[in-house]
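K.L.:
I'll drop the sequence and a predicted model, then ask my questions.
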Amino acid sequence: MATVRTRFAPSPTGFLHLGGARTALFNQAFAHGHGGVLVLRVEDTDRERSTPAAERAVLEGLRWLGIDWDEGPLRQSERMERYAAAVERLLASGRAYRCTCTREELEERRQKTIAAGRKWTYDGRCREADHGPDCGAHTVRLRLPEHERLAWDDLVFGPSGQDAGEIGDMIVRRSDGGPLYHLAGVVDDIEMGITHVIRGADHHSNTPFHLALYRALDAEPPRFAHVPLIVGSDGKKLSKRRDPVSVQHYRDQGYLPEALRNWLVRIGWSHGDQEIFSREEIVRLFDLDAVHRAPARAEPGKLVWLNQHYLKTLPFERLLPALQPFLDAEAGRPVQATPELERLVHLLRERSKTLMEMASLARFLLVEDDALVFDEKAVAKHWKPALEAPLAELHDALAELPTWSEAELEKTFEAVCARHQLKLGKLAQPVRVAATGGPVSPGIHETLAVLGRERTLARIALALARIRAAA
RNA sequence: GCUCCCAUCGUCUAGCGGUCUAGGACGUGGCCCUCUCAAGGCCAAGACACGGGUUCGAGUCCCGUUGGGAGCGCCA
């Protein structure tokens, strides 16, 4: 059997679409799982939208997700002569003909047909007219057989097909000489030796036309697999207005590529009860047989859980670089990794949903003492006058500590609590607010150990000053 | 409007005629743990859209209804 060759063919819209990302993932998993190759092809025949920057964004999204391709990116804009040649071949063999019907004429006839309650297909007016190359402005239409079943066995949907007569003679070349998307795609898939076309189910209905194109071009069609569309939380088509549709969006929100990849691969595909899939497992276990036929909603709930899972389990060397941009943004400057910061990240990975949240929880370590932003509700709740004495005592005891360690800190807290008959929480919370500005952080001993003696004392002193001023 | 496709807990899904009083995961609620927040542990609520068939037997097969999706461009 020939080597499996799949392709992912995005149009350069300036971002990688969620649905596209999953299609790419499926293509890669299928190809690599079968010892084949993935070809990347950029469908940039729409000159308006297609800029180098827009293309770069799509490729960046793919790389970030860990989807690697083996050939390309090939660009349709650089292959226009191939499409032109294909149309000429169609014309020469009589498989296609020139059509001089104008848009207006077409529209008029279409309206009439629809008004009569019938389905519109091209009525074949120019079919036998035999227009030559100099017939003026014209399109080129594929001549479809009157009665012929255009059928295929879809790898996801099973036996599918349509009668050629229901399709009508479709345009393959515009009057400006440009190829239609369908023609370009089929020509590319033929010339690139694509064996398996794995694409969104929105193309299921277009496939009979594509089959006719393969036939007219005397080419063997590939196997087709249509994967169900991802729909929005409201069950409707993913909309750029309502739903976060780009991979970049999730990346910027602090989701790890591992999490997004795992989330996407499980939408419309499953492997028993397994939820967690590594990159290698996706390639090894992915199977078109197990792909669903029903559209699925993109609910981010499980993505959050997956992200937490990967934040907790990822190798630290992988986590830190991923976190870096979020730390820099939080601090407003490039942040240097220190042993204290690394220790804090270890503590924070157990309690963060996203990298963004993690950076936000690390803020207290990144900023100067006077740049702490206090949660005033927490301040009001925990900085009570009664706390002045124990807090002052804690401050002085901490200043005297022989070594600044979690164990020593714990002992000191216990001693102060015992002397003032306080539960640990009564002392820990006010100190936490003093040290971090808010009521949420890792354990108080760990937090202070990371903060260091100087800054801890300075921040407790600041809290004391405020308590005294209020009294 | 026409053509095609789809239908299990709120969501993602397991199920490929009997092992289903329908399993898992996320989410939700409760309890435990606890210096906060998490994490972790335990428990709970929660679905075969509806109606007809076929069959000894249907979540699983067939038909219809309803609901949803896609396609029907000189867009990609």
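P.N.:
Ah, there it is.
K.L.:
Can you name the element that comes right after the lowest-mean-pLDDT helix or strand in chain A?
P.N.:
Lowest by mean pLDDT, DSSP states H and E among the helices and strands of chain A is helix A:103-115, with a mean of 87. The helix or strand immediately downstream of helix A:103-115 is strand A:139-142, counting by DSSP states H and E.
K.L.:
Now do that next one: everything it contacts.
P.N.:
Strand A:139-142 has contacts (C-beta atoms under 8 Å, 6 or more residues apart in numbering) with A:87, A:90-91, A:95-99, A:101, A:122, A:126-127, A:169-175, A:209, A:212-213, A:216. C-beta here means a position set from N, CA and C on the backbone, and glycine is covered the same way.
K.L.:
and the residues you listed, which are buried?
P.N.:
The neighbour-count test (16 or more other C-beta atoms under 10 Å) marks A:87, A:90-91, A:95-99, A:101, A:122, A:126, A:169-173, A:175, A:209, A:212-213, A:216 as buried among the contacts of strand A:139-142.
K.L.:
Helices along the stretch 51-200 of chain A, start to end?
P.N.:
A:52-65, A:80-92, A:103-115, A:181-191 (DSSP state H, counting those that start in this stretch).
K.L.:
Compare those helices and report which one is nearest to RNA strand B.
P.N.:
With distances scored as C-beta to the nearest atom of the strand, the stretch of the helices of the stretch 51-200 of chain A nearest to RNA strand B is helix A:181-191 (3.2 Å).
K.L.:
With respect to burial, which of the helices of the stretch 51-200 of chain A scores highest?
P.N.:
Of all the helices of the stretch 51-200 of chain A, helix A:181-191 has the most neighbours on average by mean count of other C-beta atoms under 10 Å, namely a mean of 22.
K.L.:
which residues does A:E220 contact?
P.N.:
Shown in contact with A:E220 (C-beta under 8 Å, 6+ apart): A:Y214.
K.L.:
So for it, what's the pLDDT?
P.N.:
The model reports A:E220 with a pLDDT of 94.
K.L.:
Please apply the same query to the one 3 residues further on.
P.N.:
With respect to pLDDT, A:R223 has a value of 96.
K.L.:
Ok, A:A24 next?
P.N.:
We have a pLDDT of 97 for A:A24.
K.L.:
Bridge partners for the closest residue to it other than its chain neighbours, pull those for me.
P.N.:
Taking C-beta to C-beta, 6 or more residues apart in numbering, and ignoring the residues beside it in sequence, A:A24 has A:F8 as its nearest neighbour in space, at 4.2 Å. Bridge pairing for A:F8 (DSSP bridges) gives the partners A:L40.
K.L.:
ok, now which ones touch A:F8?
P.N.:
A:F8 makes contacts with A:G20, A:T23, A:A24, A:N27, A:Q28, A:L38, A:V39, A:L40, A:R41, A:L62, A:I67, A:W69, as judged by C-beta under 8 Å, 6+ apart.
K.L.:
just checking, what packs against the helix or strand containing the first one?
P.N.:
So the one you mean is A:G20. Assigned by DSSP H and E, A:G20 belongs to helix A:18-33. Here helix A:18-33 touches strand A:5-8, strand A:37-42, helix A:52-65, strand A:196-200, strand A:223-227, strand A:230-231, helix A:257-265, helix A:279-285, going by 3 or more C-beta pairs under 8 Å, 6 or more residues apart in numbering; DSSP states H and E.
K.L.:
swap the cut-off to 7 Å and go again
P.N.:
Helix A:18-33 is packed against strand A:5-8, strand A:37-42, helix A:52-65, strand A:196-200, strand A:230-231, helix A:257-265, helix A:279-285, with contacts defined by 3 or more C-beta pairs under 7 Å, 6 or more residues apart in numbering; DSSP states H and E.
K.L.:
Quick check: buried residues in the last one?
P.N.:
By neighbour count, with 16+ other C-beta under 10 Å as the criterion, the buried positions of helix A:279-285 are A:R279, A:I282, A:V283, A:L285.
K.L.:
Give me the mean pLDDT for it.
P.N.:
On average, helix A:279-285 scores 96.
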